[in-house]
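>>> sequence below, structure please.
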Amino acid sequence: MDAVDDKSLKQKAKAALKTTKDPVEKLRLSCMARGINGINGFGRTFRLFDDDGNRQLNLQELINGARDYGCDLKQGEAQEVFNRVD
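Coordinates of the predicted model:
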C-alpha cells in the first residue's frame with residue numbers, strides 16, 4: 001500500500017468513527033485510522049496491558065488498553081466488545 005492509499009484509509013476511518021455506534025466497529029476503525037500498521041499497534045497495546053501476564057485480557061484490561069490506544073469505550077460498550085470477542 002502506498003502513502004496515498006494509507007492517507008485515504010486514515011481519512012475514511014476517521015470520518016466513519018464520528019458516526020458509528022457499534023463498539024467493535026469503533027475498535028476496528030480506530031485501528032484503521034492509524035493506517036496500515038494500526039492493527040499491529042493494537043495488538044502490541046493489548047499485550048502491554050495484560051497486567052497479570054496470563055495472555056488473556058479481563059474487562060478492565062480491555063477498557064484500559066482501548067482507552068490508551070485512543071478508542072474510549074464506555075463501560076457498556078466495552079462489555080459488549082468483551083462478550084462478542086471473548
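>>> how far out from the middle of the chain is the lowest-mean-pLDDT helix or strand in the chain?
Here the helix or strand of the chain ranked lowest by mean pLDDT, DSSP states H and E is helix 38-48, holding a mean of 76. Distance of helix 38-48 from the chain centroid (C-alpha atoms, centre = their mean, to the nearest Å) equals 8 Å.
>>> equivalent analysis for stretch 27-38, please.
7 Å.
>>> and if you look at stretch 6-21?
On C-alpha atoms, centre = their mean, the centre of stretch 6-21 falls 13 Å from the chain's centre.
>>> give the buried residues for the least confident helix or strand of the chain.
Within helix 38-48, the residues that count as buried by 16 or more other C-beta atoms under 10 Å are 38, 42, 45-46. Glycine gets a C-beta too; all of them are placed from N, C-alpha and C.
>>> tell me the one of those residues nearest residue 29?
residue 38 (9.4 Å; C-beta to C-beta).
>>> how close does the closest one sit to residue 69?
According to C-beta to C-beta, to the nearest Å, residue 38 stands 9 Å off from residue 69.
>>> which neighbours do those two have in common?
Shared contacts of residue 38 and residue 69, defined by C-beta atoms under 8 Å, 6 or more residues apart in numbering, are found at residue 30.
>>> quick check: pLDDT value at residue 4.
Turning to residue 4, the model gives it a pLDDT of 66.
>>> try residue 79
On pLDDT, residue 79 comes in at 94.
>>> just give me the neighbour total for the closest residue to it other than its chain neighbours.
Leaving aside its chain neighbours, residue 79 sits nearest to residue 59 (6.5 Å; criterion: C-beta to C-beta, 6 or more residues apart in numbering). A count of nearby residues for residue 59, using other C-beta atoms under 10 Å, gives 14.
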